[in-house]
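> Sharing a model that was predicted from the sequence below.
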Amino acid sequence: MGFPGTWMTESESVVYRVVPKCACSTIGQIMYYSDHGEFFDGDIHDAVDGLHKWAREDSQPLIRANVQAHKSYAFTCVRNPYTRILSSFFDKICGIQRNGKRYRGKLVPLLVQKYGVEVGGDDGKDEFDQIQSFRRFLLFARDTIRWKRPMDPDIHWSAMSGHVSTFIVNGGRYDRIFWTEAFNEGMQHVLDSIETPHTVDLASIPRFNESEGHGPKRAHPVEDYFDDLSMHLVYEIYKRDFDLFKYDVDNPANKMPTGEIDLDEVHAKLGD
């Protein structure tokens with residue numbers, strides 16, 4: 001029984017289930033700051049101390065004991081599936097990563113060869129048809145999720161409900177799930193619900209968008225990337241995300257949720 005993707009402050013003030021592409025860098029830095037009074041120098045995903053992470057073997061017994069006994073406030077954060085998959089495309093597929101290389105080595109050449117995706121040349125700076133390439137990437141994402149071909153789905157575009165569910169299935173319970181689109185309100189609610197060694201003034205916290213600048217800028221409004229077929233594919237892939245986290249599947253231009261998240265419904269539907 002495990003809790004992959006789960007982070008916890010060293011003071012055990014709060015537990016967080018990471019959902020990729022949903023403000024996780026900013027949330028991790030806020031957690032780090034709340035314990036240490038300073039931010040981690042670098043990408044919080046690279047931190048190997050100062051924050052308990054399930055990926056650290058020495059953290060696992062502490063996280064397991066805390067989560068199973070629900071000792072601390074537990075939360076996660078979600079995002080509109082349309083903007084999340086679009087962000088994954090520009091960051092992970094078109095962008096050059098922190099190490100100066102393409103994401104996952106052979107992934108981009110595979111997409112270019114088998115799906116006809118363009119990514120803006122070797123450095124991602126050339127002009128290319130973003131809409132056409134994104135829609136071709138969407139077919140690839142659907143193939144990885146539906147059939148695990150030509151590879152297993154990547155954490156950055158696999159469904160949020162899948163990430164959220166592992167925490168529940170293995171014995172955890174969320175106290176709050178909030179939206180990236182209402183970040184300050186949601187994060188403030190979490191901070192108001194916990195005691196931290198250092199006070200966090202959310203208004204003065206910078207946004208740690210580690211993917212920013214990796215890839216080309218989005219040249220069109222969100223809705224331009226999604227025609228009828230694309231919207232159908234997105235709903236096929238992310239139906240549970242739209243339903244559980246209350247996003248508008250019929251209008252890619254509306255990134256805001258259309259209702260409140262029902263925590264009991266989330267636990268019931270993702271807990272089996």
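Great, that's in hand.
> Count the residues that sit near the closest residue to residue 145 other than its chain neighbours.
Nearest residue to residue 145 in three dimensions, chain neighbours excluded: residue 153, at 4.6 Å (C-beta to C-beta, 6 or more residues apart in numbering). Bear in mind the C-beta positions are built from the backbone N, C-alpha and C, glycine included. Neighbourhood size, residue 153 [other C-beta atoms under 10 Å]: 18.
> quick one: residue 153 from residue 166, how far?
Remark: distance between residue 153 and residue 166 (C-beta to C-beta, to the nearest Å) = 14 Å.
> hmm, back to that, so the residue nearest to residue 145 sits right up against residue 140, yeah?
No: Residue 153 lies out of contact with residue 140 (C-beta atoms under 8 Å); the separation is 10.1 Å.
> quick one on the thing from earlier: can you tell me the SS state at the residue nearest to residue 145?
Classification of residue 153 using DSSP: H, G, I helix; E, B strand; the rest coil returns coil.
> again, but for residue 74
The three-state assignment at residue 74 reads strand, by three-state DSSP.
> give me the element residue 7 is part of.
According to DSSP states H and E, residue 7 maps onto strand 6-8.
> List the residues that contact residue 248.
Applying C-beta atoms under 8 Å, 6 or more residues apart in numbering, we find residue 248 in contact with 242, 254, 256, 257, 258.
> now do residue 190
Residue 190 makes contact with 14, 73, 75, 176, 178, according to C-beta under 8 Å, 6+ apart.
> returning to what we had before: and the residue nearest to residue 145, how far from residue 58?
Applying C-beta to C-beta, the value for residue 153 to residue 58 is 29 Å.
> Residue ranges in this structure under the pLDDT threshold?
210-214 (pLDDT under 70).
> could you show me where the helices are in it, in order?
Along the chain, counting by DSSP state H, helices occupy 24-36, 60-69, 81-88, 107-115, 130-147, 160-169, 183-192, 228-245, 263-270.
> Between helix 160-169 and the fifth one, find me the angle.
Spelled out, it's helix 130-147. Relative orientation of helix 130-147 versus helix 160-169 (axes from the mean of the first three to the mean of the last three C-alpha atoms, to 10 degrees): 40 degrees.
> could you give the angle of helix 130-147 to helix 228-245?
Using the same axes, to 10 degrees: helix 130-147 against helix 228-245 is 60 degrees.
> now for helix 130-147, which elements pack on it?
Helix 130-147 sits against helix 81-88, helix 107-115, helix 228-245, with contacts defined as 3 or more C-beta pairs under 8 Å, 6 or more residues apart in numbering; DSSP states H and E.
> which parts of it are buried?
Applying a neighbour-count criterion of 16 or more other C-beta atoms under 10 Å, one finds 130, 133-145 buried in helix 130-147.
> about what we covered before: can you list the contacts of residue 190 in CSV and add neighbour count?
What follows is those, written out as CSV (neighbours: other C-beta atoms under 10 Å):
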residue, neighbour count
14, 25
73, 17
75, 21
176, 16
178, 23
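> Residue 78 versus the closest residue to residue 24 other than its chain neighbours, what's the distance?
Nearest non-adjacent residue to residue 24, counting by C-beta to C-beta, 6+ apart: residue 18, 4.8 Å away. Remark: distance between residue 18 and residue 78 (C-beta to C-beta) = 12 Å.
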